[in-house]
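[1] The following comprises the amino acid sequence and a computationally predicted model.
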Amino acid sequence: MSEPQGSEGTTRRLPVMEKDDTGHGRGQSASAAAYDPLPPTLDGADDGSGHRFWSARRIPAAVVAVLLLVVAGAFLYDIAAVRAHRPAMHWRRALARQLAERPLDDTWVLVGAGVAALLGLWLLVLAVTPGLRAVLPMRRTHPDVRAGLHRDAAAVVLRDRAMEVAGVQSVRVRAHRRRADVRAVSHFRELDDVRADLDAVLADAIRGLGLARPPALSVHVRRPGRKG
């Protein structure tokens, strides 16, 4: 069987036959496509190699700030009370006694140290990672403007384009940072023909999204399941 023409990039066909619960065969056609890099951006602007947008991390920053404020305020109030010749608060005396009496290999000391280390590691990871994994960077056509496309919006665009292909009954699209998974159900036409048309249409749709790093395409086409 010859390779269908019309799909852009490199494609490979992986025909398989699956059996449903009734024992009848159900045809399925799959392909994976890779695309050539997009042309340079307009006006020679640098696209930043497709770096993700950095998250503001407002919630972690607010939580850490509130905790530090509460702890620092409690210690400052107790120290001011001691300087005013008043007895120290009970919790600080108990804490100082526990820290002085408990050995370093005590279970609760190790648990507390482990929790503090995990929290510190979590904060370091948040500080050095950009976040916003759901936003796909787009090509920069102007050096002062950066744009991004949400993965759900990209999936909707690909799904709408896939539904335009003859023979496609339904489509489910999941857009990831590096790959777009398309699973279509075809109720007529040959599965290989439908898959080839989907490869071509979706390749053009991905290029039209204007992403800095176009994702690879994975297309699976199958027949509707038997009813009853």
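    On my side now, so go ahead. Numbers count the residues shown, from 1 in each chain.

[2] The strand or helix carrying Ala80: which residues count as buried?
    Element membership for Ala80, per DSSP states H and E: helix 58-83. Buried residues in helix 58-83, counting neighbours by 16 or more other CB atoms under 10 Å, are found at Asp78. Where you see a C-beta, it was placed from the backbone N, CA and C, and this is true even at glycine.

[3] Report all helices and strands that it contacts.
    helix 107-128 (3 or more CB pairs under 8 Å, 6 or more residues apart in numbering; DSSP states H and E).

[4] List the contacts of the helix it packs on.
    By CB atoms under 8 Å, 6 or more residues apart in numbering, the residues outside helix 107-128 that reach it are Arg57, Pro60, Val64, Arg102, Pro103.

[5] mind listing what the second one touches?
    With CB under 8 Å, 6+ apart as the criterion, the residues that contact Pro60 are Leu123, Leu126.

[6] That one and Leu68: what is the separation?
    12 Å (CB to CB, to the nearest Å).

[7] go on, the last one?
    Computed as CB to CB, the Pro103 to Leu68 distance reads 28 Å.

[8] what do you get for Val194?
    On the measure of CB to CB, Val194 and Leu68 end up 59 Å apart.

[9] One more: Ile206?
    Taken as CB to CB, the span from Ile206 to Leu68 is 46 Å.

[10] what about Val165, which SS state?
    coil (DSSP: H, G, I helix; E, B strand; the rest coil).

[11] From Asp192, how far off is it?
    For Val165, the distance to Asp192 - CB to CB - is 13 Å.

[12] Spatially nearest residue to the residue positioned nearest the centre of the chain (excluding sequence neighbours)?
    The centroid of the chain falls nearest to Arg133 when counting by CA atoms, centre = their mean (4.1 Å). Spatial nearest neighbour of Arg133, excluding adjacent residues (CB to CB, 6 or more residues apart in numbering): Arg177 at 6.7 Å.

[13] Kindly confirm whether my reading is correct that Ala155 touches Arg179.
    No - using CB atoms under 8 Å, Ala155 is not in contact with Arg179, being 11.9 Å away.

[14] So between those two, which is more surrounded?
    Ala155 (19 against 12; other CB atoms under 10 Å).

[15] so where does that one fall, helix or strand?
    Ala155 belongs to helix 151-162, assigned by DSSP H and E.

[16] Tell me the helices and strands packed up against that helix.
    strand 135-137, strand 168-175, strand 179-186, helix 191-208.

[17] one more time with 7 Å
    strand 168-175, strand 179-186, helix 191-208 (3 or more CB pairs under 7 Å, 6 or more residues apart in numbering; DSSP states H and E).
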